[in-house]
Structure formats: structure tokens, C-alpha cells
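Visitor: Okay, here's the prediction I keep looking at, along with the sequence it came from:
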Amino acid sequence: MSKSIVKELTRLGNTDHTGLLNPIDRPLSYGTAGFRCLATDLPFVVFRVGALAGLRARQLGQCIGVMITASHNPMLDNGVKVVDPMGEMLVEDWEVHATEFVNAKDDEVAAVIEKLEHLVKEGQLNASETPQGKVFCAFDTRDSSQYLHDAAKKGCEFVGTEFVSLGLLTTPQLHYSVRCENDPTFGMAGELGYYESLSNAFNALNKNIDAPNYDKMLVLDCANGVGASKFRKLLGRIDSELLEVEFTNETGSLNYKCGADFVKILRSFPEGLDAAMGVRCASFDGDADRLVYFYRDTNGFCRLLDGDKIAALIAGFIQSEVDAAGLTGQFKIGAVQTAYANGNSTAYIRDVMKIPVDCVPTGVKHLHHAAIKLDIGIYFEANGHGTVVFSQLFKDAISQGDQDNVHLKKLQLFTKLINETVGDAMSDLLVVETILRNNNWSVEDWDAIYEDAPSCQLKVEVKDRTVVKTTWDETECTHPAGLQKEMEELIIANGAGRAFVRPSGTEDVVRVYTEGTCEENAKVLANAVAHLVQKYCA
Ligand SMILES: CC(=O)N[C@H]1[C@@H](OP(=O)(O)O)O[C@H](CO)[C@@H](O)[C@@H]1O
Ligand SMILES: [Mg+2]
């Protein structure tokens, strides 16, 4: 049945949250963060994505998620991404459908919907018995978010699928809720179930542990995002004897000079946070799916503990609990990183901890897919996005084992504390705090497990970033021909280090990453590589 076209579906009728008509003719593509751009360009996109999610939900007869957010991007941007039934990123062939649907011209859009409707019917093997499916939608604190949420609702209802608004949530809370709705053994869908599960696990894992080197005081930079009000709710259920938080950057300008991305890239304190020496600090990003830690050292400098150091901390804890529980060697434990992982973190996890490390392309879905092949898969991007996933085999073993074994019990609670569906700043923060207390560590103790190799990250604007192509793991550049060779010559001339370049999937830039003998040296190498990129992409 061909659908009549409504104005909200059309590129020509695209009307933004301020009421302005803003026709769009440029193509967009569903990338690692879904569709992300200026919020004013997005209403027709979100309407179509709402419809797409509704169709996907009907195809599977399950709950599908739609999240409206642009994470750490500026306030004027926004984005939309679809969450699949187990709380994971949208499957790849539907990313292709999403791109095709959004790029369809106004006179082609009915045909695309018809094609998808057909696909949905084919997918429903037992149509009469397949439940209809539904869509859960949540949004972040941006000015444009409520309006875009309403566009998603209209799109979803346009294809006749039930739409349930979960309102303002962090991105990981939406992923968690979608998973629970489809798999109630995982937990209770919705905000309250999430707080209940995490706080119970945290309180149980931390009670009666005497840790004189651990200081329960934490300063938290919320990036002026949704994490501020949501973490206050979660903290309200946590025993104040165990953790006390001083909140900063709760209601100001979203991501402006603060947040996990700012702290990670600049390796400096967020604005509005003046930490005394040695005080443990942490930053969320705008939608609270990234977390980094930092503190002021004895020289007054900002010391960063990023996703790599969080991964190493978690890997060490899990490994020692698995050993203490008597399960040594019975399960595949591994870490998954990207090329952006600091070289010394890889060496530490692989050579000192003897935990295998896999390197995959940038983007959560690649890390997640590699991690679920393991029994215990610890994955983190250096920017602070990551989690741990456990196989059913491992979960069964720890829940069926001797219930008097405290280490088995700890591992069980740990699986409840971590949000397995996706990297989650609030959950990861509670994980880090738990491990520090259990290890009786100060932030300096944690920082000392290895020293980061000096590194530098730059963005280069070029005419067409897609001319830059890399090998699968992104460590080598295959096009334009000659760029890799000249880059290697620069590294040799530099005497040490490494460098790679790749086109960003979320911004119109080529990213440069280098490691060198000192900060200055890494920076010099990065600038030289950036010049090469400009030369080859001119
Ligand atoms: C170097 C870096 O941090 N890249 C980020 C960034 O991707 P780019 O493709 O590099 O723009 O955004 C992604 C989505 O949030 C995130 O997964 C990834 O790690
Ligand atoms: Mg984010």
C-alpha cells in the first residue's frame, strides 16, 4: 500500500524547531553516531528515522530504540540513532536502508517506504503471530531535542507502530531500557529499574570494605548535560558513607569548555572546576556515555586517566576476581581497543597483565562485536566510551557456582553494575569507584599502573576527506598513494613514535594521531603529518 506523503517527510518541507522552513538537498549518511549535523537540518531526517525504527520494530516484533542526541557536539547540533533489540547499535544492513531512506528525494520517498514495508513482511515469517513491536524514544537536553522527538513520534506513528516516549534520558539509559523490554532477565525497563539495579550492586560491592587510601570524595564535571540530573537521582540511592560527589557544570552551556571530550583532547581542567591537588575528578560527556578521570598533580598539571586507563583498571580487577574465584583459565578474557589507544596501555594490558588485546576500527559497534566473541570482553575507546560484556557461559558459571564464594558473588554483582549494552558514564563511574575502594587505591595509585606515551591528536580540514582510505584496523593509510610512505619517513626521521591518519566518521575532517618521545615531539610530528595530509588532499 503506498502511503500518502506528509510535509514532515519531505526535504523541501523541512521545518526546524524555531519554526523556520529549511529545505535540504544535500546527502547525509548513517555513520558511527547515526545522523548528526546542525539541528535545523534534522527534522525530516528524524521523521524518516522514526518511520524506519517503526518498520524495524515491526519486522522483529520487538522494541527498538531511537535516541535524539549529538553527544559532545555543540548545542546547535543534534543527532538521531537507532538502537537494536539487545541494546546494541543498529545492524549494518539497516544502516544502509537508513541512508537510502534519508537520501531519497521527495518524489522517491513513497517507493522507499514501500520497499521497506515489503522487507518487513518478508522478515515476519509468521506474520499472524508476530507481535507488532514498539519504539522507545529518549532525548538529551538540547533546545531542539523535544521538537525532534515529536518528529520521531510522528514518523513512527506514520507507519503504524506504537511509540513510547521515555523523555529525557542519557543515551545508555535508553540502550538499557530497550534491552530490558526485550529481555526482562536483564533488568527492569525504564529509569527506576536502572537506578535500582546499579545502586544495589554498588552498595553491595562496597559495603564493609576498609580502604584508608581511597577517598570517597569525587568532583564531577557533568558537561552541563543530561548526566547531571540523572546522576543526582542515582546518587540518591547510594549509601553516602560510600561515595560523595561535588557536582560542577550542571546547567550551563552544553559541552562548552567542559566535558569528557574537552578534557581528553586538551588534557586540561574543564572550566568551572578548580581542583585541589590529588582530588579525584571525573567528566561525563553531553549524553553521559563517555567518562574520563583526572586530577591535579604535585606540579599543578592536569593528569588524565582516559578510557585506556579505565580499561586497564577493570581488566586487572576482573582478572584477579576470576583467579580468586578459582576460575583461572576457564574463560576467554580479552580487551578490545582502537588505533587511538595509547601504545603503553596496549603494552601494559598485553605484556604485563597477559590479557590479549584486539585492535578494531573506530566506532562502538566494531568494539562491541569483537568483545562479544569473548567470555569477558573489555572494550574501551581512548575517549572514555566503553564497557564489559559477558558470555552466557560465564554468567551461568558464576551464578551456579558455590554461593559462599565471595569472589563469585562479587563477579555476579559486577555484571549488574556495568551496563553491558553500551559504554555508560554513570555505570562506569560506579565501576571505577568500586575497584579503587576494593584495591584500596588513591587516584595516583591507579595512575601509576603505567605511564602514557606522549601523544597528540589533530583535525585537518580538507576538500574531500573521503579520499583518505586506510587498512581495516586504520593503522595504515592506503590512499592517497605515497602518503603512508612519507609519513613513515617522518616517523623514522623523528627517531621514535607512531602516526596514523583516517577520515572522521562524525566530522568533516581528517584526524591525525601521533605518539612521540615527549609532548612537544608528538606535537611536532602531528603538525608535520597534518601538512602531508593537506598536500596529498589538495
Ligand atoms: C578519535 C575519536 O575519539 N573518535 C570518535 C568519533 O569518531 P570519528 O569517526 O573519529 O569522528 O566519534 C565516534 C562516535 O561518538 C566515536 O566512537 C569515536 O571514538
Ligand atoms: Mg556521547
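Guide: Happy to help now that I have it. Ligands and ions are numbered 1, 2, ... in the order given.

Visitor: so where is the protein shaky, pLDDT-wise?
Guide: 1-3, 124-130 (pLDDT under 70).

Visitor: ok, the closest residue to ligand 2 within the chain - how many residues close by?
Guide: The minimum distance from the chain to ligand 2, using Cβ to the ion, falls at S71 (3.1 Å). C-beta here means a position set from N, CA and C on the backbone, and glycine is covered the same way. Counted with other Cβ atoms under 10 Å, residues neighbouring S71 total 27.

Visitor: Same question for K332.
Guide: K332: 14 neighbours (other Cβ under 10 Å).

Visitor: pretty sure it is touching I372, no?
Guide: No: counting by Cβ atoms under 8 Å, K332 does not reach I372; the two are 11.2 Å apart.

Visitor: in the stretch 201-350 of the chain, what residue is nearest ligand 1?
Guide: Nearest to ligand 1, among the residues of the stretch 201-350 of the chain, is Y340, at 5.0 Å (Cβ to the nearest ligand atom).

Visitor: how about the strands in the stretch 151-300 of the chain?
Guide: 162-168, 217-221, 244-248, 281-284, 291-296 (DSSP state E, counting those that start in this stretch).

Visitor: what comes up buried for the longest one?
Guide: Just to be clear, that refers to strand 162-168. For strand 162-168, a neighbour-count test (16 or more other Cβ atoms under 10 Å) marks 163-166, 168 as buried.

Visitor: again with the third one
Guide: By neighbour count, with 16+ other Cβ under 10 Å as the criterion, the buried positions of strand 244-248 are 245, 247-248.

Visitor: Skipping its backbone neighbours, what lies nearest the closest residue to ligand 1 within the stretch 51-200 of the chain in space?
Guide: Evaluated by Cβ to the nearest ligand atom, the stretch 51-200 of the chain has S71 as its residue closest to ligand 1, separated by 5.6 Å. Residue nearest to S71 in three dimensions, not counting chain neighbours: D287, with 4.9 Å by Cβ to Cβ, 6 or more residues apart in numbering.

Visitor: contacting residues around the one you found?
Guide: By Cβ atoms under 8 Å, 6 or more residues apart in numbering, the contact list for D287 reads 67, 69, 71-72, 140, 170-171, 225-227.

Visitor: quick one, phi psi at it?
Guide: Dihedral pair for D287: phi -110, psi 10, per degrees, to the nearest 10.

Visitor: Then Y256?
Guide: The phi/psi pair for Y256 (degrees, to the nearest 10) is phi -80, psi 110.

Visitor: so who does it touch?
Guide: Y256 sits next to 74-75, 224, 271 when contact means Cβ under 8 Å, 6+ apart.

Visitor: Now list the buried members of those.
Guide: For the contacts of Y256, buried by 16+ other Cβ under 10 Å: 75, 224.

Visitor: if we can go back for a sec, leaving out chain neighbours, which residue sits closest to the residue of the stretch 201-350 of the chain closest to ligand 1?
Guide: A382 (4.4 Å).

Visitor: That neighbour and L305 touch, don't they?
Guide: No: look at A382 against L305 with Cβ under 8 Å: they stay out of range, at 11.2 Å.

Visitor: Return the residues of the stretch 351-500 of the chain in contact with ligand 1.
Guide: Listed as neighbours of ligand 1 in the stretch 351-500 of the chain under the rule Cβ under 6 Å from any ligand atom: 362-364, 381, 383, 385.

Visitor: Out of those, list just those in helices.
Guide: V364 (DSSP state H).

Visitor: among the residues of the stretch 351-500 of the chain next to ligand 1, who's most crowded?
Guide: Neighbour counts for these peak at H385, which has 27 neighbours (criterion: other Cβ under 10 Å).

Visitor: Tell me, how many residues neighbour I68?
Guide: Neighbourhood size, I68 [other Cβ under 10 Å]: 32.

Visitor: V501 belongs to a strand, doesn't it?
Guide: Yes: using DSSP: H, G, I helix; E, B strand; the rest coil, the assignment for V501 is a strand.

Visitor: residues in contact with it?
Guide: Per Cβ under 8 Å, 6+ apart, neighbours of V501: 460, 468, 470, 477, 483, 487, 510-513, 529, 533.

Visitor: now R290
Guide: R290 neighbours (Cβ under 8 Å, 6+ apart): 71-72, 260-261, 284, 307, 383-385, 423, 425.

Visitor: of all those residues, which two lie farthest apart?
Guide: S71 and G307 (14.5 Å; Cβ to Cβ).

Visitor: Now do the phi/psi pair for the spatially closest residue to V109 that is not a sequence neighbour.
Guide: Nearest residue to V109 in three dimensions, chain neighbours excluded: L9, at 5.7 Å (Cβ to Cβ, 6+ apart). Phi and psi for L9, reported as degrees, to the nearest 10, are phi -80, psi -20.
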